[in-house]
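In: What follows is a predicted protein model with its sequence.
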Amino acid sequence: MAQVNCKKCGRQVNAQVKYCPFCGNLLKKNILARVFFFIIAVSIIFIIYPKLTKKIDEEMLVEYTDPSISITASRLYEIYEKNELAADENYKGKVISVNGYIDSIGKDMIGKFYICLKTKEGPCSIKCFFDKAHKKKVSSQQKGTHVTITGRCDGKRGSVLLRKCKY
Ligand SMILES: [Zn+2]
């Protein structure tokens with residue numbers, strides 16, 4: 001009869017038994033549990049991990065790429081007003097540089113700071129969100145100042161939104 005060494009107490013036990021008769025140690029691990037953990041491990045390595053790193057890459061991209069598009073607040077809003085779908089094609093998800101006059105500076109419900117750029121269409125046509133790291137800079141700005149803000153365009157919901165902004 002085949003014998004194996006119990007990993008816990010070190011004594012030789014019958015390979016067919018599930019538990020060590022001396023110390024009660026589980027000798028045969030549940031195959032299903034092993035398969036289950038194997039699948040989890042594989043998912044983490046091949047599915048979740050690349051997604052996480054990709055997400056981080058996208059966030060970093062905003063910080064480090066130069067904006068390929070430079071536009072005035074009025075022009076950007078006008079383009080969005082004319083055809084939102086076409087505007088999304090051109091601008092959504094892209095890092096753009098928008099210049100205009102500050103209408104207001106504030107904080108939204110989740111504590112993100114924003115600067116609204118006005119156009120002739122309205123006081124908050126372009127809403128630019130900043131991380132907390134930019135709080136000082138954002139709060140030192142004044143109404144009516146002409147600024148150029150770089151951020152990732154996130155389409156139009158009332159205002160045209162710019163996220164992860166910086167100067
Ligand atoms: Zn044992």
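Out: Right, received. Where do you want to start?
In: Please make it C-alpha for all contacts and neighbour counts, starting now.
Out: OK.
In: Ends of stretch 20-32, what's the gap?
Out: From its first residue to its last, stretch 20-32 covers 20 Å (CA to CA, to the nearest Å).
In: Distance from the chain centre to that stretch, please.
Out: Distance, stretch centre to chain centre, for stretch 20-32: 44 Å (CA atoms, centre = their mean, to the nearest Å).
In: cool, and stretch 12-31?
Out: When C-alpha coordinates are averaged (CA atoms, centre = their mean), stretch 12-31 and its chain have centres 47 Å apart.
In: what about it, average pLDDT?
Out: Per-residue pLDDT values over stretch 12-31 give a mean of 82.
In: For the protein, name the helix or strand with the lowest mean pLDDT.
Out: When each helix and strand of the chain is scored by mean pLDDT, DSSP states H and E, helix 49-64 comes last, with a mean of 64.
In: immediately after that helix, which helix or strand?
Out: Next along the chain after helix 49-64, taking DSSP states H and E as the criterion, comes strand 69-72.
In: Quick check: can you name the pairing partners of that following strand and their directions?
Out: Strand pairing for strand 69-72, using DSSP bridges, gives strand 95-107 (parallel).
In: So which bits of the next helix or strand after the partner strand are buried?
Out: Moving toward the C-terminus from strand 95-107, the next helix or strand (DSSP H and E) is strand 113-119. Going by neighbour count (16 or more other CA atoms under 10 Å), the buried part of strand 113-119 is 113-119.
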